[in-house]
Each structure stands twice: as structure tokens, then as C-alpha cells.
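K.L.:
Build me a model:
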Amino acid sequence: MSWSEELALEGAGGEPVDLWRTIVSHGVADLPPNRIDEEARVLETTLALPYGRPQTVTVREGKRGRAVVSGASGKGSMAVLDGVRHILRLDEDLSEFYDVARADPDLGWVTAGAGRLMRSQTVYEDVVKTICTTNCAWSGTVRMVNAIVEHLGEPAPGAPPEGPYGRAFPSPERMAEAPEPFYRDIARAGYRWAYLRTLAESVASGAIDLEELAILPPEELPDDEIAARLLALPGVGPYAAAHVMMLIGRYSRLVLDSWTRPKYASLNGRKAKDTAIERRFRHYGRYSGLAFWLFLTRDWVAEPA
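P.N.:
Coordinates of the predicted model:
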């Protein structure tokens, strides 16, 4: 039985939320179990639920600042809607960031609702996907994540018999059970296979708690401590740590890599050292990395004429 529910597109501080900019806020957001239809401006995702089988839903913009969440089976339970709120970061308050951006000629536009980086259901999922982006072409990342979700993810009712869609991202326990040949021959993860399985085993056993990184406030867990914990994970270097920190709402680090540096140079009119780039956004304080990312990605969404 199909169903449809609405969510208010409003942040925790009452600020507006641009749904489409949230959905296309970064490349990893388009990896399974997510699927983005850019022509129709629709997000499809499959959510793992506390009880019962996963559920596949679509999210699209509705009327008067609302998002429409729809499913082809099951029902629009509180768990499903909370899952959508979570990945869209509707619980985040960006009003402080907007106060600074409003005075910046290059970033004043963000206050219309930009700035939310779509996240996964778990920090674990975001770490796994980020490891799969390191030292490879994007096609390699897609291949690895597709295989992990297709072969290890639990299917929702009505999921296609093959392919990664209609399946939730696998649990650490399921990934820990997968043998080396799966990672080597099917996912073709290369050297990353040992990192992925070691990480899965550590999280499944409780030796590492990744989820608390997104829960504990900065007063209890400062950014430097989060960075140190991430860098201690197998397969996570400075780029990956900065990327994961952005996805868990810790924006003090700039993601400086082979794409962001040239893109900044093209927008800035000349190359700049990392220290100069960091200095440009330093006045944003704990939102420096977010300001940098939005400066680079403004052209990802066409603005109204």
C-alpha cells in the first residue's frame, strides 16, 4: 500500500532549508542506498529501521516549504520520517553560520537555505563510503559501494533481485562476516579490503563507537579529539578525516584535495597555498570548512533567473 507524508523544510533555528541543494550537496550523497534523479529532482533512499525490514522511500519538494516523503509499501511511520529528517539534517541549527555568511559578498546567497550536507543514517556508513573514495577514480568508488550494498545490504520489500538499490546499507556485523574473497574479487576493493573489514569488526564488537562522534557536543568532544580518533581508524588519512568531520557536522577543517584546490584556484583567479585558503575562511570559526565547501559548489545548482 502506497503512502505519502510531509515534512517542514525548516532547520532547528527556524532557518529555511533548500531541499535540492541538500540532496546534491556532495558527491558521496549519490552513492547507494541513495539514488538521485536530477531531472525530476527526487531522492530515493532505503532506510534501515529499528524493527522490521528496511523501507524504500522517495523525497521531493512539495508546496509551501515542505518536502513530500512517499513509499510504495509499508507506512510512513515515525521511524521512517525520523530517518529522512536525520539524513537531511533538519535537526541542525545553521542560524549562527548564516549570521556570518550574510555579511560575506561571496556567500550571502547561502542564507536562502543552503549549507546542509546530506549524511548517511550512521557515521559508520559515512566512514566506509569515504574510505572507498580514497586513492581511486570515482568509478572505483561507485563499484565498491554498489557491490557492498547489493551483496551485503538487507533488501526492502519490492527490491529488485539484482543491483544495489532497494537495499539498506549493511550493518558492521554483516560486513565483518563477509570473507576476504568478497572484498577482493566482487567489490574489488584492493588494499582497502583489510581496512573495511577491520573497521567493521571493531565497530561490531564495540571496540570503537563511531556514532558518539556525531552525538557528543564540542564541549565534551572537541574537534581535535574527533580528528585524532578518525585518523586512528584503518584507511583514514587527513582528507578522509576532514570529509567525515564535515558529514558529522564538525566544520572546522577544510577538505583540501585534488578537486577542491584547483576549483578554488579557478574561482579565485589564481592558485593559493593551503594556508592562504584557510585564512580566507578563518573568520567563520567552527564553520570554516562549510563556508569553503559552499564557496566551491555554488554552481552545482542553477540559480533562479
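K.L.:
ok now the helix or strand encompassing Val69, how far from the chain's centre?
P.N.:
Assessed by DSSP states H and E, Val69 sits inside strand 66-71. Distance of strand 66-71 from the chain centroid (Cα atoms, centre = their mean, to the nearest Å) equals 19 Å.
K.L.:
strand partners of that strand, parallel vs antiparallel please.
P.N.:
Strand 66-71 has the following strand partners under DSSP bridges: strand 3-8 (antiparallel), strand 55-61 (antiparallel).
K.L.:
ranking these by burial, who's on top?
P.N.:
strand 55-61 (a mean of 21; mean count of other Cβ atoms under 10 Å). Every residue, glycine included, has its C-beta placed from N, CA and C.
K.L.:
same question for it, mean pLDDT?
P.N.:
For strand 55-61, mean pLDDT is 97.
K.L.:
Contacts for it, please.
P.N.:
9, 19-20, 23, 40-47, 49, 67-74, 80, 84, 88, 156-159, 165-166 (Cβ atoms under 8 Å, 6 or more residues apart in numbering).
K.L.:
Pull out the buried residues from the residues you listed.
P.N.:
9, 19-20, 23, 42-47, 49, 67-71, 74, 80, 84, 88, 156, 159, 165-166 (16 or more other Cβ atoms under 10 Å).
K.L.:
Now do the contacts for Asp91.
P.N.:
With Cβ under 8 Å, 6+ apart, Asp91 has these contacts: Ala12, Arg85.
K.L.:
Please determine how far it is located from Ile208.
P.N.:
24 Å (Cβ to Cβ, to the nearest Å).
K.L.:
can you check Ala242 too?
P.N.:
Separation of Ala242 from Ile208 (Cβ to Cβ): 19 Å.
K.L.:
Return the distance of stretch 122-135 from the chain's centre.
P.N.:
Relative to its chain's centre, stretch 122-135 lies at 9 Å (Cα atoms, centre = their mean).
K.L.:
Return the set of buried residues in that stretch.
P.N.:
122-134.
K.L.:
what does stretch 20-34 give?
P.N.:
So for stretch 20-34, counting by 16+ other Cβ under 10 Å, buried means 20-26, 28-34.
K.L.:
Same list (those residues) but as JSON lines, adding distance to Leu117 and secondary structure.
P.N.:
Shown next, in JSON lines, are the buried residues of stretch 20-34 (distance: Cβ to Cβ, whole Å; DSSP: H, G, I helix; E, B strand; the rest coil):
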{"residue": "Trp20", "distance to Leu117": "14", "secondary structure": "helix"}
{"residue": "Arg21", "distance to Leu117": "10", "secondary structure": "helix"}
{"residue": "Thr22", "distance to Leu117": "8", "secondary structure": "helix"}
{"residue": "Ile23", "distance to Leu117": "11", "secondary structure": "helix"}
{"residue": "Val24", "distance to Leu117": "10", "secondary structure": "coil"}
{"residue": "Ser25", "distance to Leu117": "5", "secondary structure": "coil"}
{"residue": "His26", "distance to Leu117": "6", "secondary structure": "coil"}
{"residue": "Val28", "distance to Leu117": "9", "secondary structure": "helix"}
{"residue": "Ala29", "distance to Leu117": "8", "secondary structure": "helix"}
{"residue": "Asp30", "distance to Leu117": "13", "secondary structure": "helix"}
{"residue": "Leu31", "distance to Leu117": "14", "secondary structure": "coil"}
{"residue": "Pro32", "distance to Leu117": "18", "secondary structure": "coil"}
{"residue": "Pro33", "distance to Leu117": "17", "secondary structure": "coil"}
{"residue": "Asn34", "distance to Leu117": "13", "secondary structure": "coil"}
